[in-house]
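**Q** Kindly generate the corresponding structure for this input.
(2 chains)
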Amino acid sequence: MRYDEKTVVQRVRRLNSQDLRVWVSEGWVRPGQSESGPLFDDLDVARIRLLCDLRKDLSLSTDAVPVVLTLIDQLNGARHDLRCLAAAIERLPESARKIVIAEYSENQNPTDKSQ
Amino acid sequence: MADDPYKIIGVARTASQNDIKKAYRKKAKSLHPDLHPGDATKLADFQALSAAYDLLGDVEKRRKFDAGEIDASGHEREERRYYHQYAGGDAGKRYNAGPGMGDFEDVSDVFSDLFGQRARPGQRSSGSGFQARGSDLRYQFEVDFLDAALGAKRSLTLPDGNSIELTIPAGLSDGQTLRLRGKGAPGLGGGPSGDALITVTIRPHPVFSRDGNTIESEVPITFDEAVLGAKVEAATINGPVSLAVPKGTSSGHRLRLKGKGINPAKGQVGDQIVRVRIVLPERIDPEMEALARKWKEQVHHNPRRPTGGKS
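**A** Take a look at the predicted model:
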């Protein structure tokens, strides 16, 4: 589903179109572009709700928002990568999977090998 | 959520609206689900907190609750999908800061990026200054069907007001990503700029549809054209062409226009498939009716018979 600016403002109770335009021009929200203007999808709308939480409920300052957003984006990127990696490990043969899991726990809790 | 909303927010029943707001903010900052993706306990706590604040943050609702007119459980929020529930998936790549694993061709690059660039021996950045490549920026762009089929140059206005020139290659497919080198975020300390990664969606066309490099369309023909055969005009992505409809063509018959599909930058030229549809005039005139009656008496043709029906 894709929504134009007006529909998004209607759907998100706490949002007005002025805020939305500022957020888009700051690059905090990056909707698809079409000749008739920006088009937002469900991902964008969820991100807009998050921005409402950050700006309005948690009253984060304009300067702090990009810092938080960058960290959230990195976190989600890393989670996505890890999920891909986990899926790749899941597809390995049993023996190889055991080695990976053993090596992983070894790195998580290194046993003291010095004597 | 039937627990006491005052306890959930952590204020006394006598607290001022301002105190409630402050206490809510403090707790929300440490519990927000997008700051703790995957933590089910924090998600549940945050939902309870939000519901409590919905009630007590609103002066009128709080008064009604205090007076016992409404209870705490009557104010559950509708289930909300949080940002990380979308962003952790493939769709979220648009907002990811760095290159994801899928962008690498060599698996070893995945790990070097995941676990930090380890300096290789004998390879050091010039000077003592800090240098870094700018990050890639992701955009989404809706492309006209014909632009994607034929190729085009379009200028794309970025959210920051700048515009970039985008060359759309002929035969571009839906969901494909175009990389514009050096059009991403500027680098630090003289480092190179990142790239702009533009994912395209193709707008549907009223007449044409597409299967790879094959274009599909439909052409309406008249009853007499179907019976006698005719040359009709058919639209192609390169303009109208003359299409020979053979004698005795049925509705749904597919005619192939060789080489009239998409001529992609790489690969073979596609064809266009034209589906024929017989359209009768809105009002059947007496002459046509007479013709049909006469034909019915003389010829016993039943197209349904081969399927084994009992008609």
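**Q** Near A:Cys52, how many residues? Count them for me, please.
**A** By other CB atoms under 10 Å in any protein chain shown, 17 other residues sit near A:Cys52. The way it works is simple: take the backbone N, C-alpha and C, and place the C-beta from them, glycine included.
**Q** nearest residue to the residue in the stretch 201-311 of chain B that chain A sits nearest to other than its sequence neighbours?
**A** In the stretch 201-311 of chain B, the residue that lies nearest chain A is B:Thr201 (6.6 Å; CB to the nearest CB). Excluding its sequence neighbours, the residue lying closest to B:Thr201 (CB to CB, 6 or more residues apart in numbering or on different chains) is B:Glu142, at 5.3 Å.
**Q** Now tell me which helix or strand of chain B has the poorest mean pLDDT.
**A** Here the helix or strand of chain B ranked lowest by mean pLDDT, DSSP states H and E is helix B:107-114, holding a mean of 51.
**Q** Report all helices and strands that the longest helix along chain A contacts.
**A** Looking across chain A with DSSP state H, the single longest helix is helix A:64-90. Other elements packing on helix A:64-90 under the criterion 3 or more CB pairs under 8 Å, 6 or more residues apart in numbering or on different chains; DSSP states H and E are helix A:94-108, helix B:83-87, helix B:107-114.
**Q** just checking, what packs against the helix or strand of chain A with the lowest mean pLDDT?
**A** Among the helical and strand segments of chain A, the one scoring lowest on mean pLDDT, DSSP H and E is strand A:32-34, with a mean of 79. Judged by 3+ CB pairs under 8 Å, 6+ apart, the packing partners of strand A:32-34 are strand A:37-39, strand B:137-143.
**Q** got CSV for those strands, with mean neighbour count, mean pLDDT and distance to B:Ala40 too?
**A** Below are those laid out as CSV (neighbours: other CB atoms under 10 Å in any protein chain shown; pLDDT from 0 to 100; distance: least, CB to CB, whole Å):
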stretch, mean neighbour count, mean pLDDT, distance to B:Ala40
strand A:37-39, 17, 85, 33
strand B:137-143, 21, 84, 29
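**Q** any chance of those in TSV, plus distance to A:Pro66?
**A** Listed next are the helices and strands packed on strand A:32-34 as TSV, based on distance: least, CB to CB, whole Å:
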stretch	distance to A:Pro66
strand A:37-39	19
strand B:137-143	13
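**Q** So which of these is nearest B:Glu69?
**A** Evaluated over these, closeness to B:Glu69 peaks at strand A:37-39, with 43.2 Å, by CB to CB.
**Q** Give me the next element, helix or strand, following the closest one.
**A** From strand A:37-39 onward toward the C-terminus, using DSSP states H and E, the following helix or strand is helix A:42-52.
**Q** report the angle between the axes of that following helix and helix A:64-90?
**A** 140 degrees (axes from the mean of the first three to the mean of the last three CA atoms, to 10 degrees).
**Q** and helix A:42-52 with chain B, contact?
**A** Yes: contact between helix A:42-52 and chain B, assessed by CB under 8 Å from any CB of the partner chain, occurs at A:42-43, A:46-47, A:49-50.
**Q** Which two of those have the greatest separation?
**A** The most widely separated members of these are A:Asp42 and A:Leu50, with 12.7 Å between them, by CB to CB.
**Q** which one of those two has more residues nearby?
**A** Neighbour count, other CB under 10 Å: between A:Asp42 and A:Leu50, A:Leu50 has more, with 23 against 14.
**Q** residue contacts, the more buried one?
**A** By CB atoms under 8 Å, 6 or more residues apart in numbering or on different chains, A:Leu50 lies in contact with A:72, B:34, B:82-83.
**Q** Check A:Val100 too.
**A** Going by CB under 8 Å, 6+ apart, A:Val100 touches A:89, A:92.
**Q** Next one: it from B:Pro286, what distance?
**A** 82 Å (CB to CB, to the nearest Å).
**Q** What residues does the stretch 201-311 of chain B have near chain A?
**A** B:201, B:203.
**Q** in the stretch 201-311 of chain B, which ranges drop under the pLDDT threshold?
**A** Per-residue confidence for the stretch 201-311 of chain B (pLDDT under 70) gives these ranges: B:305-311.
**Q** Strands along that one, start to end?
**A** In the stretch 201-311 of chain B, the strands defined using DSSP state E, counting those that start in this stretch lie at B:209-211, B:214-221, B:230-236, B:239-245, B:254-257, B:272-278.
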